[in-house]
Structures are given as structure tokens and as C-alpha cells.
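Peer 1: Provide a 3D model corresponding to the input given below.
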Amino acid sequence: QVQLVESGGGLVQAGGSVRLSCATSGYTFGQHAMGWFRQAPGKEREFVAALSWIDEATSYSDFVKGRFIISRDYAKNILYLQMNSLKPEDTAVYYCASERVRWGKGSKSKSQYDRWGQGTQVTVSS
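Peer 2: The predicted model follows:
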């Protein structure tokens with residue numbers, strides 16, 4: 001049974017930091033690119049960051065570049081998102097996802113991901 005379980009969300013003040021974790025099981029975590037997406041109330045789910053399987057290359061959306069860092073622990077099958085210098089507009093439910101194809105580059109399109117976690121809420125107060 002494939003599972004992706006996010007944790008680490010919560011309430012944080014603007015300028016603060018949070019690290020999200022995504023524990024995975026039931027599939028070959030190490031063979032798939034991974035991504036983080038977020039969804040604010042009334043908005044569509046949007047790309048945040050991705051980590052390529054091929055060369056560990058990372059990609060970020062413009063609004064988090066320089067503030068967030070995506071990484072993974074292959075031994076523990078866990079994906080991370082270190083979020084720094086948080087802003088109120090970062091408030092959203094954050095989802096981790098696994099890319100459908102093996103050995104991919106980490107797409108920015110949510111349609112390329114077929115395994116999703118349940119999400120974790122991050123609320124940034126001003």
C-alpha cells in the first residue's frame with residue numbers, strides 16, 4: 001500500500017521557519033522524482049519545489065526561491081521541505097507528491113504526479 005504522510009506543519013510567525021517532512025512507504029521512493037505543492041483557500045494547487053531523481057537537481061517556484069529548500073533522505077524514504085523567512089502569503093496546505101514516471105526530472109505540473117499525501121497545514125501569522 002502506497003503511503004505519503006506529511007508532518008511538521010503548524011502556526012508560525014512571519015519571518016520564522018518550519019521543516020515539513022513526507023514519510024513514504026509502499027513503493028520505490030528512490031526511483032521517482034518528488035515534489036511539494038500547496039493550496040491556499042479558494043485557490044488552485046500550485047507548484048512549490050521539485051527534486052529530480054536523475055541528478056538531484058532542484059527547481060523552485062519564483063515565490064519561494066531563495067527561502068525554501070527541498071531535500072530527501074534515501075535511507076529513510078523521507079522528503080523534506082525547509083521553509084525559511086516565511087510570509088503570510090505562504091499560508092496553505094502543503095502536499096508532497098511522487099512523480100508518475102520513474103527516473104524523472106521533477107515536473108512543475110501537478111498532473112505528472114500520481115501519489116499524494118493528505119497535506120499539512122502551514123499558517124503564517126503577521
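Peer 1: so what's residue 14 up against?
Peer 2: Residues in contact with residue 14 (Cβ atoms under 8 Å, 6 or more residues apart in numbering) are 86-88, 124-126. All C-beta spots, glycine's among them, are computed from the backbone N, C-alpha and C.
Peer 1: can you rerun that using 10 Å?
Peer 2: Each residue near residue 14 by Cβ atoms under 10 Å, 6 or more residues apart in numbering is listed here: 85-90, 124-126.
Peer 1: which residues sit in contact with the closest residue to it other than its chain neighbours?
Peer 2: Closest residue in space to residue 14, ignoring its immediate chain neighbours: residue 126 at 5.2 Å, by Cβ to Cβ, 6 or more residues apart in numbering. Counting by Cβ under 10 Å, 6+ apart, residue 126 makes contact with 13-15, 87-89, 91.
Peer 1: just to revisit the earlier point, how about the contacts of residue 14 in a markdown table, adding secondary structure and pLDDT?
Peer 2: A markdown table is the format used below for these (DSSP: H, G, I helix; E, B strand; the rest coil; pLDDT from 0 to 100):
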| residue | secondary structure | pLDDT |
| --- | --- | --- |
| 85 | coil | 98 |
| 86 | coil | 98 |
| 87 | coil | 97 |
| 88 | helix | 97 |
| 89 | helix | 96 |
| 90 | helix | 98 |
| 124 | strand | 98 |
| 125 | strand | 97 |
| 126 | coil | 93 |
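Peer 1: PyMOL command for the buried members of those residues?
Peer 2: Selection command for PyMOL covering only the buried members of the contacts of residue 14, criterion 16 or more other Cβ atoms under 10 Å:
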select buried, resi 86+90+124
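Peer 1: what's the closest of the contacts of residue 14 to residue 50?
Peer 2: Residue 50 lies nearest to residue 90 out of the contacts of residue 14, by Cβ to Cβ, at 17.4 Å.
Peer 1: any idea how far the spatially most central residue of the chain lies from residue 126?
Peer 2: Centroid check for the chain by Cα atoms, centre = their mean gives residue 36 as the closest residue, at 2.2 Å. Using Cβ to Cβ, to the nearest Å, one obtains 23 Å as the distance from residue 36 to residue 126.
Peer 1: likewise residue 83?
Peer 2: 16 Å.
Peer 1: all set, thanks.
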